[in-house]
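Engineer: no sequence on this one, just coordinates:
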């Protein structure tokens, strides 16, 4: 194994559907050079999870212990899964983030924004470490169980659809408000309900639901009180609303950050959640749709991963 412990292994994930994406990298590269950072860079083939996962493992196997993701939530998820493939090395590895994707929910939690890559790099240089939780989602695909790690949220049903459609819409619309508006209309006309059978905090939770979000972090606004370092998962369950007006009102609360005020939402806090049945509900992990579904088991490992965070992060609570 090569000795690259003092160098950053940088993974640059181009933003799909955006022209002149390399101009963005040239700006980041120039600032890294200005700050005299020792680094090597690999570029992925878009946001394809398997490509990012493979490159993250390549960096780790070549001795890099500071892995910096220039990308969004999907890219971070693939890198986290790469890091978790090396349980004996996790304590040595540090994860850094320079936001660059369409979805930067996890980065925003820490006060990192795509518009200020210099601030993100300065924070990486300072190297303040915070151990953060890593969630684990075990799901079924063709009667075979698979496992995927996450640091933000697992979404089931409507919430998975919102995340998936919002990410696609942003590629073409770009403006946040218009994206949310378009997503809202799509969701109003795609109302689906699922018969949920689950166990949360040893309590059976059943009923006709639209959506479930299990978040270690803010869950794209659906678990707004979750924090990724307390060893707990926040769960928000949206039960079947009465009529389009009530659904539209719930979506408005979601996009304005008042989601838990919606009377059809029941929140929980737990160490793990078992979803034994959710019919044919779609499932996403950190915003990435997975080809599988219930039964699912979701749990969290407290303070599992070394994350480089801002010196004074604006954290809730």
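Structural biologist: Great, that's in hand. From a predicted model like this one, the values you see are computed outputs, not experimental measurements.
Engineer: only C-alpha atoms from now on, for both contacts and neighbour counts.
Structural biologist: OK.
Engineer: for the closest residue to residue 120 other than its chain neighbours, what are its contacts?
Structural biologist: Closest residue to residue 120 apart from its sequence neighbours, by CA to CA, 6 or more residues apart in numbering: residue 98 at 5.7 Å. When contacts are counted by CA atoms under 8 Å, 6 or more residues apart in numbering, residue 98 touches 68, 69, 70, 71, 112, 114, 117, 120, 121.
Engineer: lowest pLDDT pick from the residues you listed?
Structural biologist: Comparing pLDDT over those, the lowest score belongs to residue 114 (89).
Engineer: tell me which element that residue is part of?
Structural biologist: Using DSSP states H and E, residue 114 sits within no helix or strand.
Engineer: what is the neighbour count of it?
Structural biologist: 20 (other CA atoms under 10 Å).
Engineer: list the contacts of it.
Structural biologist: Residue 114 makes contacts with 98, 99, 100, 101, 104, as judged by CA under 8 Å, 6+ apart.
Engineer: just send those back as CSV, with secondary structure, distance to residue 309 and pLDDT too.
Structural biologist: Listed next are the contacts of residue 114 as CSV, based on DSSP: H, G, I helix; E, B strand; the rest coil; distance: CA to CA, whole Å; pLDDT from 0 to 100:
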residue, secondary structure, distance to residue 309, pLDDT
98, strand, 11, 97
99, strand, 13, 94
100, coil, 16, 89
101, coil, 18, 72
104, coil, 15, 88
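Engineer: which residue is the nearest non-sequential neighbour of residue 44?
Structural biologist: Residue 44 sits nearest to residue 13 (CA to CA, 6+ apart), 5.4 Å away.
Engineer: okay, that neighbour: pLDDT?
Structural biologist: pLDDT, residue 13: 92.
Engineer: was I right about it contacting residue 49?
Structural biologist: No. Assessed by CA atoms under 8 Å, residue 13 is found out of contact with residue 49, at 10.6 Å.
Engineer: if I look at these two, which residues touch both of them?
Structural biologist: Contacts common to residue 13 and residue 49, judged by CA under 8 Å, 6+ apart, are residue 75.
Engineer: relative to the biggest strand by length in the chain, what are the paired strands and their orientations?
Structural biologist: Criterion DSSP state E: the longest strand present in the chain is strand 293-308. Within its sheet, strand 293-308 is paired with strand 94-99 (parallel), strand 129-141 (antiparallel), strand 272-277 (antiparallel), according to DSSP bridges.
Engineer: from residue 127, how far out is the closest residue to residue 152 other than its chain neighbours?
Structural biologist: In space, and not counting its chain neighbours, residue 152 is closest to residue 217: 4.6 Å by CA to CA, 6+ apart. When distance is defined by CA to CA, to the nearest Å, residue 217 is 22 Å away from residue 127.
Engineer: neighbour count: the two, which is higher?
Structural biologist: residue 217 (29 against 17).
Engineer: tell me which helix or strand comes right after the one helix or strand residue 67 maps to.
Structural biologist: If you go by DSSP H and E, residue 67 is part of strand 66-71. Counting by DSSP H and E, the next helix or strand C-terminal to strand 66-71 is helix 73-83.
Engineer: what angle separates that following helix from strand 94-99?
Structural biologist: 170 degrees (axes from the mean of the first three to the mean of the last three CA atoms, to 10 degrees).
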